[in-house]
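Colleague: quick one, what's the 3D model for this:
(chains A, B and C)
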Amino acid sequence: MKKLALLVLALFLPACGVRGKSQESVVRRRLEGEPKTLNPILATMDPEQIVLALLERNLLDYDEKLNLVPGLAEEVSDSPDHLTYTIRLHKDARWEDGTTVTSRDVVFTLTALLDPKTPALTRRALFDGFVKAEAVDARTARVVFSTAAAGRRDAFNLPLLSAAAWAGADVATHPRNRNPLANGPYRLGSWEAGRTLTLVRNTQYFGEKPAPEQVIFRVVPETAPAFAALQAGDLDEMRLIYAQKKELDAKAGMAGAPRVVTFDELAYSYLGWNNRLPVFADRRVRRALTMLVDRESIGRNLYGGLAKLANGPLPPAHWAWDASLTPWPYDPKAAEVLLDEAGFRKGPDGMRRKGNLRLAFTLSLGMGSDVQRQIVELAQQSFRKAGIEMAIQPLEWAAFAAKMDAGELEAWAAALNLDPNPDLAVSWHSAQVPPVGLNAAFYRNHEVDVLLERLKTTFDREETRALLARVQLLIHDDEPVTFLNIPLTKWGVSSRLTNVRTSPYGLFLFWPGAAGWRTSTTTGPIS
Amino acid sequence: MLRFALRRVASAVLTLLGVLALVFGLVTAAPGDAAALAARAGGNRAVAVSPEALAAFRHLYGLDRPVAERFLTWVWRAVRLDFGRSLVDGQPVTLRVARALPTTFALNLAALLLACVIGVPLGVAAARRPAGRLDRISGFLCDALFSTPSFVVGLVLLLVFSGWLRVTPLFADAETGLRGFLLPVVTLALASLAFVARFVRVCVATALADPAALAGRARGEGPSEEIRRALRRSSAPFAAMGAALVPSVVSGSILVERVFSLPGAGGLLAEAVFARDLPTVLALTLLSAVVVVAASLAADLVTAALDPRTVREDVPAAGGVAA
Amino acid sequence: MTAPRAALSRAALAFALFPLLALLAPLVAREKPWVSGRLGETVLSAPVPFDPDAVDLDRRLAPPGRRHLFGTDELGRDVLSRALHGARLSVAAGLLASALALGLGAALGTLAGWAGGRTDRAVLLFLQIVQALPALVLVIAGAAFLKPSFLVAALLIALTGWTDSARLVRAGTQRLRNEAFVDAARASGASTARLLFVHVLPHALPPALATLPYVLGSAVLTEAGLSFLGLGTPPPAASWGRALAEARGLLPGAWWCVLPPAVALFFLVWTARRLGDAFLGRRGDVQSRLA
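Modeller: Numbers count the residues shown, from 1 in each chain, chains lettered A, B, ... in the order given. Next up, the predicted model:
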């Protein structure tokens, strides 16, 4: 019987270990889901952005420090009134078929983007006040707006569609959406639906050629199989959870063991409170709620020490973050005093109430990460001890989003990813409450409103910094939501990859990102 | 015969329309819509999308039309085999389903067959001596297998055979061929093995305890003949169980698909439901309804054709001896 | 021939252990001591001296040891205490759901198989619609209108789970309707109820009964799935299914979080199945004696 088992096993053996010919110049990467589209202006989800980062350059790209640097455009300059932007394209910029990237492509892209028939909802929002785009000459395009906006340059972190390739059919359903024309360091070689996308070096690329010849993306939704593959050498990179990081740390120094890369991202997690509700109307209550959540311990235990404390609406990775704001301390005693002051006193049953108003609410939990759920369960116990009754209502994502958009959530747990220059008005201006905007906390502070409006037309960086500092202070004082932690992002990277750099925008969404990676056996760039 | 066929067709059409209308209504009634989800960029990014833009999106996909009108439009198009485009990626729904279905179909069918190949003999052997050693041990093992969640079984198999021993590939694709499907098939088969084996065991044991079996024994039937007859007498519940199990070949098992990184119909359906992607949900529902109807029909035909008691002259013979 | 009867009582006793465990959980697993001294000091603590929801982050994911016999979970909660308290939810939801599923299935299956004709077609239509309806769709829509509770979860599981037993009972009834011994009973003037309960159901039900332990097991697991989607019992309830589902991210590291709920589920299924076997065995025994 045993012999038979060995025989059966042997049948499978020979075919394993057989791999493609030139392992050195192939990078094998993981995608957590399959891209829905590779149309660069429709792409929104992480897997799409990650693949496109190697296929398409943007007019302007973010560098490691999140400064905008030339990409397809040599230069994007604006008029003194900040209404007209002139784009000067790089003279060598070419599509993978050898044709030049021209101002016609710029005009085509913007026209497509602003066409209501194009479902590019998020990117279009950056072009509010758009009037027209026109070609000045083959290399120069001009874009005119009706309003000046401080964050306008960030809108030109914009990929292009080739007018020739995408013309003639509806952009939303164009066959090119699964076979894009590349202008970046790689082009799409093949796409096996649901499984792999193979990228090959783009010989027509105008910049420095990337070292690896091929990048193979594999869709691996679950983290445990991906981790097995990382350790077996079948994958070269993946996002790690804390337990996996610990396991790799233990193997550090062993030959061939993947290494851990950690970095700060532009993100934070929070517990949202609907300030419109009587229970949350008093900021003393909101501060008390924050002071009842042991964020130090959460950072130490749930994030394995790899998390910072959030102190307000901007994370430390943002250039204008105010380091001088001290996060509210974990202090259950002081919190109880604050609750007493706010009029919520403990009744005979140990629960707090103010008149007939019980300090009780329901917190909605969209299907987020495990850690998020753990934090909420932790807070629930802590609140209970302080006489606050919090029920947890798990919700499926679409239902959660719908309730949030309608402003119906009493309390919720969420994480927020920010853009390099986020418009804070979207989340904190009193005019941006649901159903119009994302201020689901119904936060209302007149001074903050005024500051946020001034920020929209403030182009000077130091003045912006000063205004943002004041906004952070005011929001920190009001604590409209409980700012929790900023977890460090953890990545496992194969030991054979070198020149892996990080930015607050992750490993990929800046320039050169993954395009700059080298495999240890390939020496230097080939040009 | 014609009457029977007509009735069956009418019932099939009613089933399809009923389930489709129900799904349409439920998905529409559920909170959240595709436009709002598209505006959220699949995650937590804070970008404000104007209500006008959302309205334009809804108009573009006809989400602003009355529910009844949308449903009838969909049915009318579906009759002409036009299932529309997905609200998630703008791809034709037929294409998306065609990409996901073969994997799920092959996987679940192979698993079901494997479960039957092992489970039926096991069940029969256990039934010959109820409460005997084989019955107790196989029952214990089957229950243990059933109670272990399939993602745990799958993960353990994957980590041992693909991660540690390296005898099977970690991921199945064109390159790895059938070897890549070995572990997922085994995982799924183990999950339904208990069900099949214990079901066969009870059916055959019941049939063996039947007066008719006693009569057979009295006539001097050998053990194998006895089992053969018992199996034949159990054909009705077997066919009914088949009709209950077979439709899983379309809906698949989402967790096993995920553990083995297989893009299947289970995952597609879940994704479509969560994204409120009605065209995809409806197409998959239609497919599974067709399989359910076909399996029902097959079960009824098998019951009618195979069960000896439905053949008139057998009945008095068997019953007569027993009495 | 008393062996089958003894087996039946033994199996029933083993199975009853779970409802008993569920009832006793609040007594067996609690932080409050059984006997306290005058100064509040513990004289006699409960066998499992931890509340199921009491968190202790500094002791999270502790492997099995002297303090926590079965270790702690991701929030430092005692795994054993949670498994014991989880029994209440899981056993109740599972039993209720599977009993409802079997009851509904048997009733509709008998109706369809016995009456035939138009009634049969109507039931079959309903059955096919339910079977083809993706359960996920029902759940997301249900979550919008129903308040989450274990009752809702049990009802929903039963509502989608009755089709298998209905098919089985229908097939059995159809076959038996024209049997000679049923005809004979009918000719001797037996009422329809007597025909059904004495002559038909005892023969038509066993295949459906055979699936019951597994329906029970699935119901326990499904309850967890529902609670993630906004139906079923919300956190911090410690149902077995929830513990298993949450442990998915902890494997293969913290295996001790998976073991107690998985083993508990196994024993539930196992004892239920043995009870079913013993019951069917005893019945078979009685029958062969009659014959």
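
Colleague: next up, the contacts around C:Leu275.
Modeller: C:8, C:11-12, C:14-15 (CB atoms under 8 Å, 6 or more residues apart in numbering or on different chains). From N, CA and C alone the C-beta is placed, and that goes for glycine too.

Colleague: measure it to chain A for me?
Modeller: 34 Å (CB to the nearest CB, to the nearest Å).

Colleague: could you do C:Pro47 as well?
Modeller: 23 Å.

Colleague: closest point of the stretch 401-527 of chain A to chain C, which residue?
Modeller: Nearest residue of the stretch 401-527 of chain A to chain C (CB to the nearest CB) works out as A:Ala402 at 9.0 Å.

Colleague: what is the burial count for that residue?
Modeller: Neighbour count for A:Ala402, taken as other CB atoms under 10 Å in any protein chain shown: 20.

Colleague: give me the pLDDT value at it.
Modeller: If you check A:Ala402, the pLDDT there is 87.

Colleague: ditto for the one 4 residues further on
Modeller: Each residue has a pLDDT score; the one for A:Ala406 is 88.

Colleague: so which residues of the stretch 51-200 of chain B form helices?
Modeller: B:51-60, B:67-79, B:93-128, B:133-147, B:150-157, B:179-208 (DSSP state H, counting those that start in this stretch).

Colleague: right, and those - which one's nearest A:Met390?
Modeller: Among these, helix B:150-157 comes nearest to A:Met390, with 30.4 Å by CB to CB.

Colleague: by contact count, what packs against the closest one?
Modeller: helix B:179-208, helix B:254-259 (3 or more CB pairs under 8 Å, 6 or more residues apart in numbering or on different chains; DSSP states H and E).

Colleague: dump the ones you listed to CSV, plus distance to C:Ala237 and mean neighbour count.
Modeller: Below are these laid out as CSV (distance: least, CB to CB, whole Å; neighbours: other CB atoms under 10 Å in any protein chain shown):
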stretch, distance to C:Ala237, mean neighbour count
helix B:179-208, 26, 24
helix B:254-259, 22, 23
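
Colleague: so which of these is nearest chain C?
Modeller: Among the helices and strands packed on helix B:150-157, the nearest to chain C by CB to the nearest CB is helix B:179-208 (3.4 Å).

Colleague: next SSE after the closest one?
Modeller: Using DSSP states H and E, the helix or strand that follows helix B:179-208 in sequence is helix B:211-219.

Colleague: show me what counts as buried in that following helix.
Modeller: B:211-216 (16 or more other CB atoms under 10 Å in any protein chain shown).

Colleague: mean confidence for it?
Modeller: 77.

Colleague: restrict it to CA atoms and write it as CSV.
Modeller: The C-alpha coordinates for helix B:211-219 follow below in CSV (Å, rounded to 0.1, in the frame of the first residue of the first chain):
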residue,chain,number,x,y,z
PRO,B,211,-39.9,-7.2,3.9
ALA,B,212,-39.0,-7.6,0.3
ALA,B,213,-35.4,-8.3,1.1
LEU,B,214,-36.4,-10.9,3.6
ALA,B,215,-38.5,-12.5,0.9
GLY,B,216,-35.5,-12.5,-1.4
ARG,B,217,-33.4,-14.1,1.2
ALA,B,218,-36.1,-16.7,1.6
ARG,B,219,-35.9,-17.3,-2.1
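
Colleague: tilt between it and helix B:179-208?
Modeller: Relative orientation of helix B:211-219 and helix B:179-208, computed by axes from the mean of the first three to the mean of the last three CA atoms, to 10 degrees: 80 degrees.

Colleague: in the stretch 201-323 of chain B, what residue is nearest chain A?
Modeller: For the stretch 201-323 of chain B, CB to the nearest CB, closest residue to chain A: B:Pro263, 2.3 Å.

Colleague: that residue - how many residues pack around it?
Modeller: 22.

Colleague: am I right that it falls within a helix?
Modeller: No - if the criterion is DSSP: H, G, I helix; E, B strand; the rest coil, then B:Pro263 is coil and not within a helix.

Colleague: skip the chain neighbours and tell me the closest residue to it.
Modeller: A:Gly194 (2.3 Å; CB to CB, 6 or more residues apart in numbering or on different chains).

Colleague: give the helix, strand or coil label for that neighbour.
Modeller: Recorded secondary structure, A:Gly194: coil (three-state DSSP).

Colleague: identify, from the contacts of C:Leu275, the entry nearest to B:Leu188.
Modeller: Nearest member of these to B:Leu188, counting by CB to CB, is C:Phe15, at 28.7 Å.

Colleague: give me the nearest residue to that closest one, chain neighbours excluded.
Modeller: C:Thr271 (4.2 Å).

Colleague: three-state assignment of that neighbour?
Modeller: helix.

Colleague: contacting residues around the residue of the stretch 201-323 of chain B closest to chain A?
Modeller: A:34, A:193-195, A:219, B:99-100, B:103, B:257 are the contacts of B:Pro263 under CB under 8 Å, 6+ apart.

Colleague: in terms of pLDDT, where does it sit?
Modeller: 90.

Colleague: how about it, phi and psi?
Modeller: phi -80, psi 100 (degrees, to the nearest 10).

Colleague: and for the residue lying closest to A:Arg201 once chain neighbours are set aside, the neighbour number?
Modeller: Nearest residue to A:Arg201, sequence neighbours excluded (CB to CB, 6+ apart): A:Glu213, at 5.4 Å. When neighbours are defined as other CB under 10 Å, A:Glu213 has 18 of them.
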